[in-house]
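A.B. asks: Coordinates for the following, if possible.
(one chain, ligands or ions: 1)
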Amino acid sequence: MPVIDLRSDTVTKPTSGMRQAMANAEVGDDVYGEDPTVNRLEAMAAELLGKEAGLFVPTGVMGNQLCLRLHTQPGDEVIIESSAHIIRYEGGSASSMSGVQLCCVPGTRGLLSPDVVETAIRRPDLHTPSTTLLCLEQTHNVGGGSVYPLETIHQLTDLARRHGLGLHLDGARLFNASAKTGVSVAKYACLFDTVSFCLSKGLGAPVGSMVVSDTARIQKLRRLRKIFGGGMRQVGILAAAGIYALEHHVSRLAEDHVNAKHLAQLLLAIPGLAVDVESVETNMVMFQVPQSSKSTEQLLEDCRKAGVLLNAVGARSFRVVTHLDVNREDMEAAGQIFARVFAGS
Ligand code: TLP
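C.D. replies: Below you'll find the model as predicted:
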């Protein structure tokens, strides 16, 4: 029986069409700006998001961290939601790579509200660090794939602009937000100075993320990418996968959202398991098994042995993510396995 891998949307494998596109890609040395396929992907990403220029980077972490470095000076303070990916899962690199202090502001399901951000912005004072950047995450990972309403982003970005802050969006799953709301990625992107998004998550490419911005910032980011060790050579074979993903996999993201919702409904029927079906907006489902006598690790292991992989996000608290490589039948099968493992555990 094949394993149903719901740990993340990062686990997808390139489809045969994507592999074909990779095999046929024209390449050149991208550090010299001579890879035609990378150049095409960068132009395509910029156009889609309504920005002047784009930069292909190896990972979402690198995209975020290059932007943090671009927007700040050591000792500056960055306002960010307290469970943001940049805080939780980027190895402390904001402090080690850019020397910034993160001002962690609590959100609701990962989403910030303008009043708490307003109080967090430092007023000029000899003693305090300077707040120079506001970072948002759309969709919010630890928030369970939650989506900022456009109106809230408007309020937050207006506020940040009034205080002269830079604006970065960790849009790793921005296309999922757009699939959910019908708001174009460009409409979100125009509110930020820099936006990163991932090709290697819901879009199904094996590697790669993009940063988009204005031409002057992308020029600086290109140099920073080299300094951070992310200058790549004949990488058109990977950019071709990114182009294929943008051309073929954006319109199917809504399927992942339907599958996640369906799985959440199946989970709701399992005694002892807590899930908020309403909060499932995109391709993630968070659930808890609060009364279980088994440890989190044991529950993960029991699921693995029964044929489903998933991740824990806290004590007896779990995340499942739907993606290109799982379908409706996999949801049914996973639901049955979860019922066996969790009911009465
Ligand atoms: N998220 C991964 C893990 O790192 C937790 C996942 O499985 O969800 N921003 C956001 C919002 C992300 O969720 C991720 C990856 C990244 C950035 C980093 O992307 P990569 O893994 O390409 O560096």
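
A.B. asks: Bridge partners for the residue in the stretch 201-345 of the chain that the ligand sits nearest to, pull those for me.
C.D. replies: Using C-beta to the nearest ligand atom, the closest approach of the stretch 201-345 of the chain to the ligand is made by Ser209 at 5.6 Å. (Glycine included, C-beta is placed from N, CA and C.) For Ser209, the residues forming beta bridges with it (DSSP bridges) are Val57, Cys198.

A.B. asks: Check the gap between it and Arg40 for me.
C.D. replies: Distance check for Ser209 against Arg40: by C-beta to C-beta, to the nearest Å, it reads 16 Å.

A.B. asks: just Glu297 next, same as before
C.D. replies: Counting by C-beta to C-beta, the gap from Glu297 to Arg40 is 45 Å.

A.B. asks: likewise Val250?
C.D. replies: Distance check for Val250 against Arg40: by C-beta to C-beta, it reads 17 Å.

A.B. asks: quick one: the strands in the stretch 151-300 of the chain?
C.D. replies: 166-170, 194-198, 209-213, 274-275, 284-288 (DSSP state E, counting those that start in this stretch).

A.B. asks: just the helices in this protein please.
C.D. replies: Taking DSSP state H as the criterion, the chain carries its helices at 16-23, 36-49, 60-71, 85-88, 93-98, 114-120, 150-162, 174-181, 185-189, 215-227, 236-248, 253-268, 296-306, 328-342.

A.B. asks: Next, the buried residues of the first one.
C.D. replies: What it means is helix 16-23. Neighbour-count burial for helix 16-23, with 16 or more other C-beta atoms under 10 Å as criterion, is recorded at Met18, Arg19, Ala21, Met22.

A.B. asks: Which secondary structure elements does that helix sit against?
C.D. replies: For helix 16-23, the contact count by 3 or more C-beta pairs under 8 Å, 6 or more residues apart in numbering; DSSP states H and E identifies helix 236-248 as packing neighbours.

A.B. asks: Can I get the helix it packs on as PDB, trimmed to CA atoms?
C.D. replies: Listed in PDB are the C-alpha atoms of helix 236-248, where the atom choice follows Å, rounded to 0.1, in the frame of the first residue of the first chain:
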ATOM      1  CA  GLY A 236      17.600  26.700 -16.200                       C
ATOM      2  CA  ILE A 237      16.700  23.000 -15.700                       C
ATOM      3  CA  LEU A 238      15.200  24.000 -12.300                       C
ATOM      4  CA  ALA A 239      13.700  27.300 -13.600                       C
ATOM      5  CA  ALA A 240      12.000  25.200 -16.300                       C
ATOM      6  CA  ALA A 241      10.100  23.300 -13.600                       C
ATOM      7  CA  GLY A 242       9.100  26.700 -12.100                       C
ATOM      8  CA  ILE A 243       7.800  27.900 -15.400                       C
ATOM      9  CA  TYR A 244       5.900  24.700 -15.900                       C
ATOM     10  CA  ALA A 245       4.400  25.000 -12.400                       C
ATOM     11  CA  LEU A 246       3.200  28.500 -13.000                       C
ATOM     12  CA  GLU A 247       1.700  27.500 -16.400                       C
ATOM     13  CA  HIS A 248       0.000  24.300 -15.300                       C
END
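
A.B. asks: Report the inter-axis angle for that helix versus helix 16-23.
C.D. replies: Using axes from the mean of the first three to the mean of the last three C-alpha atoms, to 10 degrees, the inter-axis angle of helix 236-248 relative to helix 16-23 is 140 degrees.

A.B. asks: Contacts for helix 236-248 next, please.
C.D. replies: Applying C-beta atoms under 8 Å, 6 or more residues apart in numbering, the contact partners of helix 236-248 are 14, 17-18, 21-28, 30, 35-38, 40-41, 44-45, 48, 56, 199, 203-208, 210, 232.

A.B. asks: go again using 6 Å as the cut-off
C.D. replies: Among residues not part of helix 236-248, those counted as contacts by C-beta atoms under 6 Å, 6 or more residues apart in numbering are 14, 18, 21-22, 25-27, 35, 37-38, 41, 56, 199, 203-208.

A.B. asks: Could you do stretch 129-138 as well?
C.D. replies: Looking at stretch 129-138 with C-beta under 6 Å, 6+ apart, the contacting residues turn out to be 71-72, 75-80, 84, 101, 121-122, 148, 160, 165-171, 174, 177.

A.B. asks: try stretch 146-158
C.D. replies: Looking at stretch 146-158 with C-beta under 6 Å, 6+ apart, the contacting residues turn out to be 109-111, 114, 138-140, 167, 177, 180, 183, 191, 281.

A.B. asks: Enumerate the residues of the stretch 1-150 of the chain near the ligand.
C.D. replies: Counting by C-beta under 6 Å from any ligand atom, the positions of the stretch 1-150 of the chain adjacent to the ligand are Ser8, Thr10, Thr59, Gly60, Val61, Asn64, His85, Tyr89, Glu137, Asn141.

A.B. asks: pLDDT value on the fifth one, please?
C.D. replies: Val61 is assigned a predicted lDDT (pLDDT) of 98.

A.B. asks: Measure how buried Glu151 is and give me the count.
C.D. replies: When counting by other C-beta atoms under 10 Å, one arrives at 8 neighbours for Glu151.

A.B. asks: Check the gap between it and Ser178 for me.
C.D. replies: The span separating Glu151 from Ser178 equals 16 Å under the rule C-beta to C-beta.
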